[in-house]
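In: Okay, structure incoming, though there's no sequence with it:
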């Protein structure tokens, strides 16, 4: 473990929220941290009720919610809109607003300004951004602005084209050492946690052991301090290619599809609505209504 003291200077979560220092304590105790994505109020409410520690309003919304083919097109305004929907109902989990492509790359000033927007307009507790190297400066600038910032390295979807596609990272000694050093640099810059995506399990475990701050794995094995999955992947709601590291816990899309098909069939056959789905009117009132229509020469019930 490094000797660097815990903690960036984070923004202060709202009342009842999981405090950031508790994440460090969970890592120290060996308690696993649960993180899941959510993009709307119903999902946020269910995640809250399930007792997860972290809810990420991820830019994966671009693909699973908004119909884009990658995460790149989603805008900051769209991410703020989705984040606000989550933060209206998420009482206990720490809500992480994902900074989309184009919202932080230009300068430290741009990164800080847009992180502030995610907090003030979106209601996020903290933010997340992808990358290391030059992006380490962005992490430092945001952390020094008293905003908690989660880093994300390994497979970074916003730069997947540059990385050669959606494939595992750190699979050679050279690239694994680079990833290891990036994680240490991001911790030093003030990140309160790091997402490790599509990284060999052995490498992710070594990185996790070297850091004081928690690591959240997605396709990085069980040696990280926590795990994250995309809502639509784990529930079987996304029609695109599902990564090999996803465990599907339900087939909600099939259930919804069957329900919609049955509804359509019932409407066409007249099976819906039934009497129990309708509202009545007293007979005398109905008689007066129909008499008034008759005086007008209007058509009444057949």
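Out: Noted; the coordinates are in hand. Note that this is a predicted model, so its numbers are computed, not measured.
In: which residues does residue 84 contact?
Out: Contacts of residue 84 were listed using C-beta atoms under 8 Å, 6 or more residues apart in numbering, and they are 121, 122, 123. No exception for glycine: its C-beta is placed from N, CA and C like everyone else's.
In: Which is the succeeding secondary structure element to the helix or strand where it lies?
Out: Residue 84 is part of helix 76-87 when elements are defined by DSSP states H and E. Along the chain past helix 76-87, the next helix or strand (assigned with DSSP H and E) turns out to be strand 94-98.
In: Report all helices and strands that that following strand contacts.
Out: Under the contact criterion of 3 or more C-beta pairs under 8 Å, 6 or more residues apart in numbering; DSSP states H and E, the helices and strands touching strand 94-98 comprise strand 54-57, helix 76-87, strand 126-128.
In: Just name the most buried of the ones you listed.
Out: When neighbours are counted by mean count of other C-beta atoms under 10 Å, the highest per-stretch mean among these falls to strand 54-57, a mean of 29.
In: Which secondary structure elements does that one sit against?
Out: When contacts are defined as 3+ C-beta pairs under 8 Å, 6+ apart, strand 54-57 sits against strand 33-37, helix 41-50, helix 76-87, strand 94-98, strand 226-229.
In: Nearest approach to residue 292 belongs to which of these?
Out: Across the helices and strands packed on strand 54-57, the minimum distance to residue 292, taken as C-beta to C-beta, is reached by helix 41-50, at 43.5 Å.
In: List of residues touching the closest one?
Out: With C-beta under 8 Å, 6+ apart as the contact definition, helix 41-50 has outside contacts at 36, 38, 55, 85-93, 95, 231.
In: tell me the angle of that helix relative to strand 33-37?
Out: In terms of direction (axes from the mean of the first three to the mean of the last three C-alpha atoms, to 10 degrees), helix 41-50 departs from strand 33-37 by 170 degrees.
In: and residue 115, what element?
Out: Secondary structure assigned from DSSP H and E places residue 115 in helix 108-120.
In: Please convert the helices and strands packed on strand 54-57 to a markdown table, extending it with distance to residue 184.
Out: Written out in a markdown table, the entries for the helices and strands packed on strand 54-57 read as follows (distance: least, C-beta to C-beta, whole Å):
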| stretch | distance to residue 184 |
| --- | --- |
| strand 33-37 | 20 |
| helix 41-50 | 31 |
| helix 76-87 | 29 |
| strand 94-98 | 22 |
| strand 226-229 | 19 |
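In: Return, as residue ranges, the portions of this structure with sub-threshold pLDDT.
Out: Counting by pLDDT under 70, the chain contains low-confidence residues at 1-15, 159-166, 300-302.
In: Which segments of it make up each domain?
Out: Here the chain is described, according to automatic domain parsing, as comprising the domains 20-254, 257-296.
In: Let me know how buried the nearest residue to residue 18 once chain neighbours are set aside is, in neighbour terms.
Out: Take residue 18 and drop its neighbours on the chain: the residue closest to it by C-beta to C-beta, 6 or more residues apart in numbering is residue 94, 4.9 Å away. Residues near residue 94, counting by other C-beta atoms under 10 Å, number 27.
In: Just list the residues touching residue 94, thanks.
Out: Contacts of residue 94 were listed using C-beta under 8 Å, 6+ apart, and they are 13, 17, 18, 20, 23, 53, 54, 55, 125, 126.
In: For these, pick the one with the most neighbours.
Out: Taking other C-beta under 10 Å as the neighbour criterion, residue 55 ranks highest of these with 29 neighbours.
In: Could you report the distance from the nearest residue to that one once chain neighbours are set aside to residue 286?
Out: Leaving aside its chain neighbours, residue 55 sits nearest to residue 93 (4.3 Å; criterion: C-beta to C-beta, 6+ apart). The spacing between residue 93 and residue 286, counted by C-beta to C-beta, to the nearest Å, is 52 Å.
In: okay, these two: which has more neighbours?
Out: Comparing residue 93 with residue 286 by neighbour count (other C-beta under 10 Å), the higher total belongs to residue 93, at 25 against 13.
In: That one reaches residue 37, doesn't it?
Out: No - judged on C-beta atoms under 8 Å, residue 93 makes no contact with residue 37 at a distance of 11.4 Å.
In: Show me whatever sits in contact with both of those two.
Out: Between them, residue 93 and residue 37 share the neighbouring residues residue 55, with contact defined by C-beta under 8 Å, 6+ apart.
In: Tally up the residues packed near residue 139, please.
Out: Applying other C-beta under 10 Å, we find 29 other residues in the vicinity of residue 139.
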